[in-house]
Structures are given as structure tokens and as C-alpha cells.
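Novice: Could you work out the structure for the sequence below:
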Amino acid sequence: MAGGRMTLLTERYKDKIRGVLSCYDRIVITGTLPQLCYAQGMTGYMYQNRIRIFDYPHFAEPFRERLRRNAQRLAKENDIEIEHVKKRKIKKEKLVEKVLKERGTAPGLVHIISAMESCQSYQPWHNKRTGKTYLKPRSGQCLHYYFYFIDEELGLCYVRVPTWCPFRLQIYFNGHNLLASKLKQHDIKFSMLDNAFDFIEDYQQAQELSDSFSVEQLHQKLDQFAQEYCPVYSQFNQVYHWSVMQAEFATDIIFKQQADLQVIYDELVRTAIHTVKPDNIATFLGGKLHANYQGQVGNN
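Specialist: Here you go, the predicted model:
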């Protein structure tokens, strides 16, 4: 504490720090088709196109087959075998890491993984009391495809595509990789350890590039991904609405000497352990721990 004010780590050890950089980290974006993403909207679409409500399963089936054929086409064109994952405990990232070790990090499609997972769906319903026929929300399961690829600007990404209407997409990329591509474009030397920068030639210019994050350019990328991996959506004459599902913002602090960080590392870890509580973690993950919670809180 200094004068009643908390001293920041970057201030206390500024003579030992080479540089500080803040940028986006893990970002997960959801794509929805505005009219189809809720039961009433889909009901309206069915009526507008003179499709019987109880024919909904027959209406949706051809789209599923088209998405399967599209995945098979992409696999064949890129000499990739679609890997089906049956167990939830299997981490898809580990499977992709294994492929990357053999394949390398050149841009292009890396791997395709399929899995049966929960999805949003609708159920035809006739209300005897009102005499109206419509679709009701329903949760179910369908085959999902995970397309992992390396984009020249965004680095390693994936697009999660459900094979059942209303085709709610999920797209992941990492802001560190996005900044790394910008540094290459501007001939700024850097190096990374896993998912963090440990050296940047010009920290000020790197920060300016990080702050110049363009939502418009990202939107164009997302539209391209939708066209490539979920082409059936074009039949509905709609465009995807993109919303942020998860966004992490990271600050990389690069010390001049490893020994300087080692001296305070244990203290930093202990402080984090005592400061961050299980309910904080649950909130971060979108949940909440109740007072009478009796389950186990793990550290995975």
C-alpha cells in the first residue's frame, strides 16, 4: 500500500519488468439466425412458406444430410478422416494437438471431429384449447461437427456446427494469435511460450496494434466461416447474428530475468489461492454455488 492506494505489481517491480501487454485471449462467439432461433419465429417461417407444422422433422432432415455431405467433402478435399468422439471425457483439444504435432501449423483445415451433443430443437404442438398449431422449444441431441483450422489472421480456430435446425453456431479463436499475426505483418519480432508473449521487440507498437481490434473485420471472417462450414443457412435468406458468449482479456507481464519472477512467484500463487474462491470461479463459468451445496469442487 502506498498512501492508502494499492500498489500494482507492475509499479512495484517496474525496474525488473521488460514490458507489459494487454490483449484479448480466449473468445467464443455464438451465431444465430434471427428468425429461426426461437420457436415463435420458426413457426412464422413455416407458415410463411406454407409448410405444415407437423412436417417440421421432414423439413429439417434434408439440411442434416447436406451438412453431413459438406463435412465429408471437406474431409476428402483436405485428406482428413473425420474422428467421431463418443465419450465426453475425451478432450477435443488434445486430439487436435496430436494432429498439429504431425501436420505443422500451416494455414488450412486441421481436423474434423464429430460428436453427439445437446442442441436446441423444436416440437410440433397442437393446442386443443386454442385450436392453434405451432412449434414448442425442445432440447435434444444431434450430431455436431467441430471444424478445426488455422486461419492466417486468427490462428487456430474451430467452428461447431449442429446438424439440426436452427443451426446455432459456436466459433472460437484466441486474441493472442490474432495479435501475433499483426506483429508479423508489421515486421515486429516476438516470441511466445504456449499462449503468452515472452518477448516483443516494440511493446508500445504491439499495444497499439492490440487496441486496433476491428469488429467489422472480425464480422467478415465469421460470415466466411459460416458459409464454408454451415452452407445450408443461405437457403433461409438470412445472415447470422453474432454475439459474444465468452471473452477473456489477458495482461502479459514480461520480466527481464526469470530469477526476478521466481523470487515472488510463490507469493503470487498463494495470493491468488486465497483471493479467488470457488464461488468466484463458478460465477466466472456462468454458474452459482448455493449455500447448501454438498458436491465436490475440483481443480480441473
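
Novice: only C-alpha atoms for contact and neighbour calcs from this point on.
Specialist: Fine.

Novice: low-confidence ranges in the chain?
Specialist: For the chain, applying pLDDT under 70 flags the ranges 1-5, 278-300.

Novice: And the strands in it, which stretches?
Specialist: Using DSSP state E, the strands of the chain run over residues 17-32, 83-84, 108-127, 132-151, 155-162, 169-174, 190-193, 196-200, 241-255.

Novice: residues contacting L179?
Specialist: By Cα atoms under 8 Å, 6 or more residues apart in numbering, the residues touching L179 are C23, A206, L209, S210.

Novice: returning to that earlier point: ranking the strands of the chain by burial, who's on top?
Specialist: Highest mean neighbour count among the strands of the chain (mean count of other Cα atoms under 10 Å): strand 155-162, with a mean of 23.

Novice: what inclination does that strand have with respect to strand 169-174?
Specialist: 170 degrees (axes from the mean of the first three to the mean of the last three Cα atoms, to 10 degrees).

Novice: Which strands border strand 155-162, and is each parallel or antiparallel?
Specialist: Paired neighbours of strand 155-162 in the sheet (DSSP bridges): strand 132-151 (antiparallel), strand 169-174 (antiparallel).

Novice: Distance from the chain centre to the last one, please.
Specialist: Centre-to-centre, strand 169-174 and its host chain are 3 Å apart (Cα atoms, centre = their mean, to the nearest Å).

Novice: Kindly export that strand (C-alpha atoms) in PDB.
Specialist: C-alpha atoms of strand 169-174 as PDB (Å, rounded to 0.1, in the frame of the first residue of the first chain):
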ATOM      1  CA  LEU A 169     -23.000 -21.900 -34.400                       C
ATOM      2  CA  GLN A 170     -20.200 -21.600 -32.000                       C
ATOM      3  CA  ILE A 171     -16.800 -20.200 -33.100                       C
ATOM      4  CA  TYR A 172     -13.600 -20.000 -31.100                       C
ATOM      5  CA  PHE A 173     -10.300 -18.100 -31.600                       C
ATOM      6  CA  ASN A 174      -7.600 -16.600 -29.500                       C
END
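
Novice: Just want the angle from that strand to strand 241-255.
Specialist: Angle of strand 169-174 versus strand 241-255, following the same axes, to 10 degrees, is 20 degrees.

Novice: Just the CA atoms of the longest helix along the chain, as CSV, please.
Specialist: Counting by DSSP state H, the longest helix found in the chain is helix 56-77. Extracted C-alpha coordinates of helix 56-77, given in CSV (Å, rounded to 0.1, in the frame of the first residue of the first chain):
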residue,chain,number,x,y,z
TYR,A,56,-41.2,-30.0,-39.3
PRO,A,57,-39.0,-33.1,-38.9
HIS,A,58,-39.3,-33.9,-42.6
PHE,A,59,-38.5,-30.2,-43.4
ALA,A,60,-35.3,-30.3,-41.3
GLU,A,61,-34.0,-33.7,-42.3
PRO,A,62,-32.5,-32.7,-45.7
PHE,A,63,-30.4,-30.0,-44.1
ARG,A,64,-28.8,-32.5,-41.8
GLU,A,65,-27.9,-34.7,-44.8
ARG,A,66,-26.4,-31.7,-46.6
LEU,A,67,-24.3,-30.8,-43.6
ARG,A,68,-23.0,-34.3,-43.4
ARG,A,69,-22.1,-34.3,-47.1
ASN,A,70,-20.4,-31.0,-46.7
ALA,A,71,-18.3,-32.3,-43.8
GLN,A,72,-17.4,-35.4,-45.9
ARG,A,73,-16.5,-33.2,-48.9
LEU,A,74,-14.2,-31.0,-46.8
ALA,A,75,-12.5,-34.1,-45.2
LYS,A,76,-11.9,-35.6,-48.6
GLU,A,77,-10.5,-32.4,-50.2
